[in-house]
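Chemist: coords please:
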Amino acid sequence: MTRAHLEKLSPILLTRDVAATAAFWSRLGFHVVYRDDSYLLMKRDNAEVHFSRSATLDPAKNECCAYLRMDDLRALDGEWGALGLPARGIPRYERMERKPWQMWEAALVDEDGNLVRAGIEV
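Modeler: Down below sits the predicted model:
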């Protein structure tokens, strides 16, 4: 039996407001590929993220998340750290740090409570 080659897995996160989400993620360096009133697709390099509208979403209870790997976390940390997001609350940006599981990681939570961890191996 032939085995399928997986090229990419793209998360579908939740949004309360497609336009506000497009604006927030544009600040992160993503651009809109597709947008309508209930769905949004954004891309940066080979990273792709989808958003589906949820009228009942509570950002404090949102459990959607994704993990982002890249070649230069230090550069990304500099970019996203310069946005002036707080280190606590929603939205927030947690600067990169070395984790006990042999990764350097940073974490971003957008305005809808979606968590994106970014990391590279030590």
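Chemist: any idea how far the closest residue in space to Arg16 that isn't next to it in sequence lies from Gly89?
Modeler: Distances taken as C-beta to C-beta, 6 or more residues apart in numbering place Leu57 nearest to Arg16, at 5.0 Å, with adjacent residues excluded. Backbone N, C-alpha and C define where each C-beta goes, glycine included. Going from Leu57 to Gly89 by C-beta to C-beta, to the nearest Å gives 17 Å.
Chemist: comparing those two, which residue is more hemmed in?
Modeler: Leu57 (19 against 10; other C-beta atoms under 10 Å).
Chemist: now the more buried one: phi and psi?
Modeler: Per-residue torsions, Leu57: phi -60, psi 130 (degrees, to the nearest 10).
Chemist: need the three-state assignment for Ala22.
Modeler: helix (DSSP: H, G, I helix; E, B strand; the rest coil).
Chemist: my guess is it contacts Val32, does it?
Modeler: Yes: counting by C-beta atoms under 8 Å, Val32 is a contact partner of Ala22 at 5.5 Å.
Chemist: quick one: which of those two has more around it?
Modeler: Higher neighbour count among Ala22 and Val32: Ala22, with 18 against 15, using other C-beta under 10 Å.
Chemist: next up, the contacts around that one.
Modeler: Contact analysis of Ala22 by C-beta atoms under 8 Å, 6 or more residues apart in numbering lists 32, 35, 40, 42.
Chemist: can I get the helix or strand harbouring the first one in PDB, CA atoms only?
Modeler: If I follow you right, that is Val32. Applying DSSP states H and E as the criterion places Val32 in strand 31-35. This file holds the C-alpha atoms of strand 31-35, laid out as PDB (Å, rounded to 0.1, in the frame of the first residue of the first chain):
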ATOM      1  CA  HIS A  31      -1.300  38.600   4.500                       C
ATOM      2  CA  VAL A  32      -4.900  37.800   3.600                       C
ATOM      3  CA  VAL A  33      -5.300  35.000   1.000                       C
ATOM      4  CA  TYR A  34      -9.100  34.700   1.300                       C
ATOM      5  CA  ARG A  35     -11.700  36.500   3.400                       C
END
